[in-house]
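Participant: my questions concern the predicted model and sequence given below.
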Amino acid sequence: MLIALPEYAKIHKRSGATLRRMAERQMFETARKIGRNWVIDSDEAYPVKKRDIKNPLTVVSLFSGCGGMDLGFLGDFDFMGERYEKTCFDIVWANEINRSACETYRINIGRHIIEGDVNNVMDTLPESADVVIGGFPCQDVSINGKMLGLKGRRSSLYTAIVEAVHRIQPKVFVAENVGGLLLKQNKESLDKILEDFNGLGYAIHFQPYLAADYGVPQTRERVFFVGTRSDISEFVPPTRTHVEPITAQQAIGDLEPMEADRDFSHIWSMANASGEQGNRRLAADRPGYTIRAECHGNIQFHYSLPRRISMREAARIQSFPDSFRFPSGLRETERQIGNAVPPVLAWHVAKAVESAIERSAAT
Ligand SMILES: C[S@@+](CC[C@H](N)C(=O)[O-])C[C@H]1O[C@@H](n2cnc3c(N)ncnc32)[C@H](O)[C@@H]1O
């Protein structure tokens with residue numbers, strides 16, 4: 001008997017949005033769309049994971065920061081009432097130069113992170129891994145930075161990803177950077193990055209992603225480069241999940257009456273109003289603006305309260321679950337949150353990577 005997908009979701013104790021995403025990815029045999037609604041045969045068994053979690057796909061993570069992208073790749077967290085299920089990935093090696101970010105990573109993701117300059121730890125990379133991921137430092141191509149392109153010391157660090165992929169030959173690699181990399185003035189940098197990535201012999205897919213389209217309450221735009229080895233199926237990017245974006249008020253409204261609480265990172269900068277982006281006030285009925293790392297306390301103002309947003313509010317706007325802890329002080333926490341890939345966006349990319357690998361295994 002055909003029933004509505006939300007009904008099937010209730011029977012299997014899953015969220016309707018999760019099942020809709022699964023249906024769009026053709027994970028059900030009988031699900032189909034009638035008009036704007038999904039229906040499914042009530043007798044269809046709920047799909048079990050093809051890959052045994054005891055035999056996960058291994059991931060090497062470079063420029064791991066506090067672990068935003070890594071959390072997305074692992075899954076198994078909740079955000080705004082949605083469950084982001086455990087993926088098939090396990091992170092076996094990670095590296096980050098910043099001590100405070102490593103501390104945050106250790107208490108939330110795992111103790112495997114190696115603290116130090118990536119150029120000094122390449123010899124500790126595992127010989128093999130299924131996936132290499134990394135959000136390479138972006139300040140030099142960011143529209144908030146000085147636009148030094150690859151002449152900037154930090155952006156040229158993307159070559160560490162090239163080197164890691166060259167050594168490990170993973171099935172897939174994922175490199176993330178600011179959307180500004182696709183601007184005309186950064187064409188030279190983009191061409192060089194693509195030349196180096198293509199030189200690895202991987203098929204490269206890249207495109208901008210608007211975080212708000214995937215359930216992150218923020219207008220952050222980022223580009224993901226996904227390289228697939230010749231024996232791996234084509235990478236199909238995740239489809240947009242939110243036509244109506246989550247607003248700032250929906251994301252942080254419940255924190256309005258809450259007093260400052262250091263343990264919950266509900267602490268805010270007292271910096272006076274300053275020029276440019278530092279003066280922005282959130283609009284209650286829209287997603288937040290891009291949370292920046294190097295804003296020196298000039299983070300956006302709350303939409304209704306006479307203060308800047310707290311670190312916990314910034315973490316929400318970046319889609320970190322409330323269970324994610326930030327043990328550092330205000331300045332370092334601000335940097336870690338602003339630097340992070342929103343976990344929810346990373347999760348969607350991770351699931352699309354998982355699907356490409358699973359499809360290859362099946363053929
Ligand atoms: C864009 S952030 C990555 C954030 C991370 N992917 C996340 O989602 O949380 C880039 C990171 O590279 C780190 N980094 C910069 N130079 C480095 C180096 N030489 N070696 C290792 N890490 C470095 C920075 O400290 C920063 O945390």
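Facilitator: Looks like it arrived, so ask away.
Participant: so where's this protein uncertain?
Facilitator: Judged by pLDDT under 70, the chain has its weakly predicted residues at 48-54, 139-155, 275-277, 362-363.
Participant: which bits of it sit near the ligand?
Facilitator: Within the chain, the positions lying close to the ligand (C-beta under 6 Å from any ligand atom) are 63-69, 95-98, 101, 117-118, 135, 137-138, 154, 157, 339-341. For glycine as for every other residue, the C-beta is placed from the backbone atoms N, C-alpha and C.
Participant: now, which of these lie within helices?
Facilitator: In helices, defined here by DSSP state H, the members of the residues of the chain next to the ligand are 68-69, 101, 118, 339.
Participant: farthest pair in those?
Facilitator: 68 and 118 (17.5 Å; C-beta to C-beta).
Participant: the more surrounded of those two?
Facilitator: residue 68 (30 against 22; other C-beta atoms under 10 Å).
Participant: wait, isn't the more buried one in contact with residue 338?
Facilitator: No: counting by C-beta atoms under 8 Å, residue 68 sits too far from residue 338 to count as a contact (10.1 Å).
Participant: can you map out the strands along the stretch 1-150 of the chain?
Facilitator: 2-4, 32-34, 37-41, 57-62, 77-79, 82-84, 89-96, 113-115, 131-135 (DSSP state E, counting those that start in this stretch).
Participant: please enumerate the helices of the stretch 101-250 of the chain.
Facilitator: 118-121, 159-168, 187-198, 248-252 (DSSP state H, counting those that start in this stretch).
Participant: now the second one and helix 187-198, what's the angle there?
Facilitator: Read that as helix 159-168. Taking axes from the mean of the first three to the mean of the last three C-alpha atoms, to 10 degrees, one finds helix 159-168 and helix 187-198 inclined to each other by 10 degrees.
Participant: and stretch 16-26, which residues are buried?
Facilitator: Buried positions in stretch 16-26, judged by neighbour count with 16 or more other C-beta atoms under 10 Å: 16-23.
Participant: what comes into contact with that stretch?
Facilitator: Outside stretch 16-26, the residues within contact range by C-beta atoms under 8 Å, 6 or more residues apart in numbering are 5-6, 8-9, 12, 28, 31, 38, 40, 47, 82-83, 85, 239, 241, 351, 355.
Participant: how far does the helix or strand where residue 333 lies sit from its chain's centre?
Facilitator: Per DSSP states H and E: residue 333 is located in helix 330-339. In terms of C-alpha atoms, centre = their mean, to the nearest Å, the centre of helix 330-339 is found 16 Å from the chain centre.
Participant: what is the helix or strand just after it packed up against?
Facilitator: Next helix or strand after helix 330-339 toward the C-terminus (DSSP H and E): helix 343-362. With contacts taken as 3 or more C-beta pairs under 8 Å, 6 or more residues apart in numbering; DSSP states H and E, helix 343-362 sits against helix 68-74, strand 77-79, strand 82-84, strand 172-178, strand 221-228.
Participant: repeat that for 7 Å
Facilitator: In this structure, helix 343-362 makes packing contacts with helix 68-74, strand 172-178, strand 221-228, judged by 3 or more C-beta pairs under 7 Å, 6 or more residues apart in numbering; DSSP states H and E.
Participant: fine by me, we can end here.
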